[in-house]
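Colleague: What shape does this take:
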Amino acid sequence: MKKVLSLALSVVIFFSLLSISVPATEVKANEQSEQQQIEATVEAYLKKCVESIYSYKKQDVSKDTIRNVLIAARSESPTKLEQDISSFAQFQKKSGFELMNALDIKESGVKAVLNNLDLQEDRVAYFGHLHETQKITYSYFNTDYRFHATIVEGNYAVADVSEYLDYQYSFCGEPTFEITNYNISLIRVNDTWMIAEVVSDDSYFQSYYNEGFDLQTELRGYDEAFSRMEEPSLVKGSESTLATTSSDIAYNKQNAANYALTYSTQSDDGSGTPTFKNSNFPWFGADCMNFVSQCMWAGFGGSNSYADIGTYYGMDKVGSYTWWANNTTGTNSWSSCSNFRSYVNSSNGSSEKGVLCSTGDVAYNSNQLPFSTSDLIGAAIHVKGESGGTVFALAHAIFVNNATGSTRDTVYFTSYNNCRKNRLLSLSFPSSTSDLNNKMFVMVPRTFQSGSTGTRLWADLNNAVAMNTQVSLKGYSNVQCNTFGMNIYNPNGTAMANYSWSNTSSVTQNYNGFNMAGAWKIVLTGIDSANTTKTFTYTIRVY
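Modeller: This next block holds a predicted model:
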C-alpha cells in the first residue's frame, strides 16, 4: 500500500513540477550546486552504462531514468502527460545543441521518450553481452567526462557532454581510446534530477533511433554466429599486382598504421570531427572515409605539409579514375565509401596511374577475413553505417591499425565518426546470423601504379611517443642525394635541431629532445645530382 501511495504521489508531483516555466539559462557560477547535481547525475548514469558494458557487471540503469514515473503517469492521466512531454520537447529544441537538433525523429510524445530509454538499455545489454562472451579484460581502464554546457529551465535540463574512455586490453600492447558525445536531457522529480532522454553520436544510436533495435533477435543472431565451430565458406580476396617498376610505389602499411595512430588520441573538444585531425586537409563533418584515405595516402609516401599536399604526391590526380584531396576539397572517391569502392574496382582493372588493392568480401555471419594477418595491417574495411537514422551495409569506413590474426576478434581498427583508436573489430562489428548489414568489404592496398616520378623522399613514420623518449628518425631517397638534411620543429613551430649528411640515400638520427606535448614536425630535404631540391614532411605526436 505504501508503495502504491508513493508512486501516485510521484505522479502528482511530476505533473505539478512540469507546469513550472522559467526562462532558459545556461547554469552560472552562483548556481553551482544545481549544476553539480545535474552533472553528477549524468556522469553516474553514463558510468553505470560503461561498467555494465565493458566490465559486464550488470546494473539496473533504468533506476536513474524517468521511465517508471512516465509509465505510472501514463496510466493515471495520459492527456496531461502528453501535454507535459510536449512542453519538455519544446525546451529541448530551444537548447540549440547540435546532436539533438540534427535528429529527424519520426515519433514524438511519451512513446518517443520511452523508446529512447529502451534503446539505451538495449545498447547496454547488447554490448555488455559482447564483452562478456569474448571475455574482454584490461590492464587499466579510465573514464573522463567533460561538460561543454548545461542549460536549465525550471525542472528541465539538458547537458552537452563528451565521454572519454582510455584503456588497454590485457592482451594488447597498444592503448585504446574512444570518444562519444552526448546530449542528455533530465527532468526533476521530487527534487531529484532524473535522466529523461539520451542522444549521442554513437553509431549504434544513430543507426537505430528511428528503426528500433530488436535486442533478443540480435543477441540470438550473435550467439549463433559466436558458437559456430566452423566458419562459412571463406571467400579468398582478389589479388593485385605488387610494385614491379621504378615508377610504382609499394604500400608501406606500417607508415599508414602509424599515421592513423598519430591522428587519433584522447585529446579532443567533443566536436564531431576531432580537434586532433590533420588540419592540412579539408574536413566535412562526416569524415570516416576521408580519414581512411589519408592513412592510405601516408602509406604511399604522401608528404604531410600544406604545400606538398597541394602537389598531390601520393594521390591519383590524372586519368579516367581519380582519388585526391588538397587543402580545401577533394574527389568523392576520397571521402565517400561507395565512390572509393568504385574507384578501387576501376583502378584495379586499368593500366593507368592509380592505387591497386586486393579485395575481399566477408559474409555477415562469418568471423573470418579473407587475408593473412600481415595483409590486414593497413587495410581499409567498409562496415555497416547509417544515414538519417537508417542502417546501410558498407556505409562506414574503418582502418586496420593492427592485427594478431585474421578473424574479427583479432583485428584492431581506428576510425573517425565515431572516434575510435585501436578497438577490437568484433566488439563493434561482430558476425551475426540475424544482421545482414554486418557484412564487410576489405581492401588491402598493394601498389600505387605509376605513382613515382623523379627524385622521391620518404621516412619511417613513428607512432605517438611519450615526452623525453629517444626516437630513431629515419629518412630515405630513391636516389643518392648530394645533400640530405633533417630539421625538427616543436609544436610551436620553433626549430629545435637540424642535421645534414652528404652523398647518401638514407639517413638515421637518434633524437631525445621531445620535451613538449603536441604535434612535432620533421622535415627532410634532399638535393640530387641534378641540383633538384625535394622535401618530405611528417608529424610525430608527443604526449
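
Colleague: Whatever helix or strand I381 lives in pairs with which strands, and in what direction?
Modeller: In this assignment (DSSP states H and E), I381 forms part of strand 380-387. Applying DSSP bridges to the sheet, strand 380-387 is found paired with strand 390-403 (antiparallel), strand 440-449 (antiparallel).

Colleague: Report the buried residues of it.
Modeller: The neighbour-count check on strand 380-387 (16 or more other CB atoms under 10 Å) flags 380-386 as buried. Bear in mind the C-beta positions are built from the backbone N, C-alpha and C, glycine included.

Colleague: Tabulate the strands paired with strand 380-387 in JSON lines, adding columns for mean pLDDT, distance to T533 and mean neighbour count.
Modeller: Formatted as JSON lines, the strands paired with strand 380-387 follow (pLDDT from 0 to 100; distance: least, CB to CB, whole Å; neighbours: other CB atoms under 10 Å):
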{"stretch": "strand 390-403", "mean pLDDT": "95", "distance to T533": "33", "mean neighbour count": "22"}
{"stretch": "strand 440-449", "mean pLDDT": "97", "distance to T533": "23", "mean neighbour count": "24"}
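
Colleague: Give me the longest helix you can find in this structure.
Modeller: When the chain is parsed with DSSP state H, its longest helix is helix 109-133.

Colleague: who's in contact with A497?
Modeller: Counting by CB atoms under 8 Å, 6 or more residues apart in numbering, A497 touches 487-488, 511, 513.

Colleague: was I right about E132 contacting Y56?
Modeller: Yes - with contact defined as CB atoms under 8 Å, E132 counts as touching Y56 (3.8 Å).

Colleague: circling back: so which of the contacts of A497 wins on neighbours?
Modeller: Counting neighbours by other CB atoms under 10 Å, I488 leads these with 20 neighbours.

Colleague: list the contacts for that residue?
Modeller: Applying CB under 8 Å, 6+ apart to I488 gives the contacts 473, 495-498, 511, 513, 520-523.

Colleague: Show me which of these is closest to Q168.
Modeller: Using CB to CB, W520 comes nearest to Q168 of these, at 23.9 Å.

Colleague: What's opposite the closest one in the beta bridge?
Modeller: Listed by DSSP bridges, the beta-bridge partners for W520 are I540.

Colleague: I'd like the distance between it and N252.
Modeller: As judged by CB to CB, to the nearest Å, W520 and N252 stand 20 Å apart.

Colleague: From the contacts of A497, which land in helices?
Modeller: The helices, defined by DSSP H, take in nothing from those.

Colleague: Name the nearest of these relative to T373.
Modeller: Nearest to T373 among these is Y511, at 31.7 Å by CB to CB.

Colleague: list the contacts for the closest one?
Modeller: Shown in contact with Y511 (CB under 8 Å, 6+ apart): 470-471, 473, 488, 497.

Colleague: follow-up on the earlier one: quick check: which of the strands paired with strand 380-387 is nearest to M194?
Modeller: Nearest to M194, of all these, is strand 390-403, at 30.0 Å by CB to CB.

Colleague: residue contacts, the one residue sitting closest to the centre of the chain?
Modeller: Central residue of the chain (CA atoms, centre = their mean): C419, 2.3 Å from the mean position. With contact set as CB under 8 Å, 6+ apart, C419 has these partners: 177-179, 264, 268, 274.

Colleague: tell me which residues form a beta bridge with it?
Modeller: With DSSP bridges applied, C419 shows beta-bridge pairing to I179.

Colleague: If you drop the residues flanking it in sequence, what lies closest to R123?
Modeller: Y204 (5.3 Å; CB to CB, 6 or more residues apart in numbering).

Colleague: thinking that neighbour is in contact with V124, fair?
Modeller: No - between Y204 and V124 there is no contact, the gap being 10.4 Å when judged by CB under 8 Å.

Colleague: So which residues of the stretch 151-300 of the chain form helices?
Modeller: 203-208, 215-226, 253-262, 288-299 (DSSP state H, counting those that start in this stretch).

Colleague: Redo those helices as CSV? Include distance to L81 and mean neighbour count.
Modeller: Output for these, formatted as CSV (distance: least, CB to CB, whole Å; neighbours: other CB atoms under 10 Å):
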stretch, distance to L81, mean neighbour count
helix 203-208, 25, 22
helix 215-226, 26, 17
helix 253-262, 49, 24
helix 288-299, 40, 27
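
Colleague: of all these, which lies closest to W458?
Modeller: Using CB to CB, the helices of the stretch 151-300 of the chain put helix 253-262 closest to W458, at 7.9 Å.

Colleague: how much does the closest one deviate in direction from strand 390-403?
Modeller: What separates the directions of helix 253-262 and strand 390-403 is an angle of 120 degrees, with axes from the mean of the first three to the mean of the last three CA atoms, to 10 degrees.

Colleague: can you give me the offset of helix 253-262 from its chain's centre?
Modeller: The chain centroid and the centroid of helix 253-262 are separated by 15 Å, computed with CA atoms, centre = their mean, to the nearest Å.

Colleague: and the angle from it to helix 288-299?
Modeller: Using the same axes, to 10 degrees: helix 253-262 against helix 288-299 is 130 degrees.

Colleague: helices and strands around helix 253-262, which ones?
Modeller: Helix 253-262 sits against helix 288-299, strand 390-403, strand 533-542, with contacts defined as 3 or more CB pairs under 8 Å, 6 or more residues apart in numbering; DSSP states H and E.

Colleague: Tabulate those (JSON lines), appending distance to L165.
Modeller: Putting the helices and strands packed on helix 253-262 into JSON lines (distance: least, CB to CB, whole Å) gives the following:
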{"stretch": "helix 288-299", "distance to L165": "19"}
{"stretch": "strand 390-403", "distance to L165": "17"}
{"stretch": "strand 533-542", "distance to L165": "19"}
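
Colleague: Out of these, flag the one nearest P370.
Modeller: That would be strand 390-403 among the helices and strands packed on helix 253-262, by CB to CB, at 13.0 Å.

Colleague: Which parts of the stretch 151-300 of the chain are strands?
Modeller: Remark: strands assigned in the stretch 151-300 of the chain by DSSP state E, counting those that start in this stretch are 156-169, 176-189, 192-200, 249-250.

Colleague: Show the average pLDDT along the first one.
Modeller: Per-residue pLDDT over strand 156-169 has a mean of 95.

Colleague: okay, the strands of the stretch 151-300 of the chain, which one's buried deepest?
Modeller: Sort the strands of the stretch 151-300 of the chain by mean neighbour count, taking mean count of other CB atoms under 10 Å, and strand 176-189 sits at the top with a mean of 24.

Colleague: tell me how far that strand is from the chain's mean position?
Modeller: Worked out by CA atoms, centre = their mean, strand 176-189 lies 17 Å from the chain centre.

Colleague: Tell me what angle it forms with strand 192-200.
Modeller: Angle, strand 176-189 to strand 192-200, by the same axes, to 10 degrees: 140 degrees.

Colleague: Could you list every helix and strand in contact with strand 176-189?
Modeller: Applying 3+ CB pairs under 8 Å, 6+ apart, one finds that strand 176-189 contacts helix 2-18, helix 32-54, helix 78-94, helix 98-102, strand 156-169, strand 192-200, strand 419-424.

Colleague: Now render those as TSV, adding distance to Y145.
Modeller: Shown next, in TSV, are those (distance: least, CB to CB, whole Å):
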stretch	distance to Y145
helix 2-18	26
helix 32-54	5
helix 78-94	20
helix 98-102	16
strand 156-169	6
strand 192-200	13
strand 419-424	15
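
Colleague: which sections of this protein are below the confidence cut-off?
Modeller: 1-32, 105-107, 229-244, 265-273 (pLDDT under 70).
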